[in-house]
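Engineer: Sequence and predicted model, in that order:
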Amino acid sequence: MSKAAVLGAGSWGTAFAKVLADAGTDVTMWARRGEVAESIVTRHENADYLPGIALPPSLTATDDARAALDGADIVVLAVPSQSLRDNLQVWSPMIPEDATMLSLAKGIETGTLMRMSQVIIQVTGADPGRVAVLSGPNLAREIAIGQPAATVVACTDSTRALALQKASATGYFRPYTNSDVIGCEIGGACKNVIALACGMASGIGLGENTIASIITRGLAEIIRLGVALGAKPATLAGLAGVGDLVATCTSPLSRNRSFGERLGQGGSIESAQAATHGQVAEGVKSCSSVRALAASYDVEMPLTDAVHRVCHEGLAVQDAIGQLLGRRTKPE
């Protein structure tokens, strides 16, 4: 039996820990706050992030990272993208030497413009074959209640990818393997930005034609950037691209979509954050780093640029829509 340490007890980290436990993997979660760990152990619930969801009795938790990592052959990194580096610098000496590290974080690091796998490799010094990423249409609450979903586990080492697949395959969660780490990470980082755009459009009262257009043109941006970085277009046409994009752009369970909707309704970043219990949607930070990464490769991403300008330069959502519609026409 595999032994997994899930570092991070937010909604997706908790849901994926449940998946691993349901698949028969021995799982210990690390929570930053002791009361969250205690709730998972004693009440089998993470009331802060997945209230009302019963967790398997076999799933245990601790606020001691060293205890969680002891003997783990799978280390799941389930903290936000912009805090991954700082956390890893603390955890790295404790991670077992040959453990596979699986990133659930979706973003591009501010400043360095690194993907999460690159951050992991740089901080830990691990061989790239030890680092995997997971991406797909994986809304945490739906998966936690056992609704069917699929995902992609990407790793350049096929043996490790297959081991992760086996450790997380259940009757309701179907992981596919892939070797295209870049494609999975670009799809996962960029879809949050496009979901913000969809939420903004919905918030000002625009309908399904607009949303479908944003999703489609957003996908074109994602593919352009992914291909420039070496991703395979087929990856971005699959679960880690289109699948994740559609789920995040259309579901009220999507934090990025909901956050964008509040901005479209006239709310500020601060008021939208307050309405999401103090949590900032990943896309708010990622839009700037994705935009900078695209510029460094001379890739045009007008939707991403518009989201950045709304979130960080004070551009009104209505003006952003007008500017996008005012761009010169051209072949698709």
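Structural biologist: Looks like it arrived, so ask away. Numbering: from 1, shown residues only.

Engineer: Residue 242 should be in a helix, yeah?
Structural biologist: Yes: assessed by DSSP: H, G, I helix; E, B strand; the rest coil, residue 242 belongs to a helix.

Engineer: and it, how many neighbours?
Structural biologist: 19 (other CB atoms under 10 Å). The way it works is simple: take the backbone N, C-alpha and C, and place the C-beta from them, glycine included.

Engineer: what's the pLDDT at it?
Structural biologist: For residue 242, the model assigns a pLDDT of 98.

Engineer: ok, residue 150 to residue 113 distance?
Structural biologist: Applying CB to CB, to the nearest Å, the value for residue 150 to residue 113 is 29 Å.

Engineer: Same check on residue 185?
Structural biologist: To residue 113, residue 185 is 12 Å away according to CB to CB.

Engineer: and the two? which has more neighbours close in?
Structural biologist: Neighbour count, other CB under 10 Å: between residue 185 and residue 113, residue 185 has more, with 29 against 16.

Engineer: pLDDT at that one, what is it?
Structural biologist: So residue 185 comes in at 98 (pLDDT).

Engineer: Which strand residues bridge the residue nearest to it when sequence neighbours are not counted?
Structural biologist: Spatial nearest neighbour of residue 185, chain neighbours left out: residue 115 (4.4 Å); criterion: CB to CB, 6 or more residues apart in numbering. Applying DSSP bridges to residue 115 gives these bridge partners: residue 108.

Engineer: can you pull the contacts of residue 115?
Structural biologist: Counting by CB atoms under 8 Å, 6 or more residues apart in numbering, residue 115 makes contact with 108, 109, 181, 182, 185, 186, 189.

Engineer: go on, residue 120?
Structural biologist: 77, 84, 88, 101, 103, 126, 131.

Engineer: And for residue 56?
Structural biologist: Applying CB under 8 Å, 6+ apart to residue 56 gives the contacts 18, 21, 22, 44.

Engineer: As JSON lines, these with secondary structure would be great.
Structural biologist: What follows is those, written out as JSON lines (three-state DSSP):
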{"residue": "18", "secondary structure": "helix"}
{"residue": "21", "secondary structure": "helix"}
{"residue": "22", "secondary structure": "helix"}
{"residue": "44", "secondary structure": "coil"}
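
Engineer: which two of those residues lie the greatest distance from each other?
Structural biologist: 22 and 44 (13.1 Å; CB to CB).

Engineer: what about these two, which has more around it?
Structural biologist: Using other CB under 10 Å, the more surrounded residue of residue 22 and residue 44 is residue 22, with 20 against 14.

Engineer: Next, find the distance separating that one from residue 99.
Structural biologist: Note on residue 22: its distance to residue 99, by CB to CB, is 21 Å.

Engineer: repeat for residue 62
Structural biologist: Distance, residue 62 to residue 99, using CB to CB: 17 Å.
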